[in-house]
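J.: everything below, folded, please.
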Amino acid sequence: AARRAPRGWAGAARAEGEAAVAAATAVTDATFEEEVLRSEVPVLVDFWAPWCGPCRMIAPLIDELATDYSGRLKAVKLNTDESPGIATEYGIRSIPTVMIFKDGQKMDTVIGAVPKGTLTNTIEKYLD
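T.: The predicted structure follows:
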């Protein structure tokens, strides 16, 4: 099946090494409620840790998704070593785990280092 680019995607490739404008931002136990649960747009949360190899593999994908869906989706990263409270509250047992939140509710979970297409398919289900 042909994959379609997200709406609004110009198709222009970024120059090598150029920083993504809307890279995912860090959240902590202290900022999770404000940044994620009270967000006006759906939020992709990447639960990760610095020692996790697969987490480092998907980190660039999370930043790309933040750019691809800028204005329609917020992408954030939560370091489970630094903020174990939220990870425990949502039952994170393995990382990377990506969760989609909408209107303050957890909508979906994707566990493991998955291809970008898997994440875009999951995101598309929750965009208005």
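J.: list the buried residues in the lengthiest helix in the chain.
T.: If you go by DSSP state H, the chain has its longest helix at helix 53-68. By 16 or more other C-beta atoms under 10 Å, the buried positions in helix 53-68 come out as 55, 58, 59, 61, 62, 63, 64, 65, 66, 67, 68. From N, CA and C alone the C-beta is placed, and that goes for glycine too.
J.: do I have it right that the fourth one meets residue 120?
T.: No - the pair residue 61 / residue 120 is not scored as a contact, 9.5 Å apart, by C-beta atoms under 8 Å.
J.: give the phi and psi angles for the residue nearest to the spatial centre of the chain, as a check.
T.: The centroid of the chain falls nearest to residue 44 when counting by C-alpha atoms, centre = their mean (3.5 Å). Here is the backbone geometry of residue 44 (degrees, to the nearest 10): phi -100, psi 120.
J.: what sits against it?
T.: Residues near residue 44 by C-beta atoms under 8 Å, 6 or more residues apart in numbering: 24, 62, 65-66, 73-76, 98-100, 119, 123.
J.: okay, it: pLDDT?
T.: Per-residue confidence for residue 44 comes out at a pLDDT of 98.
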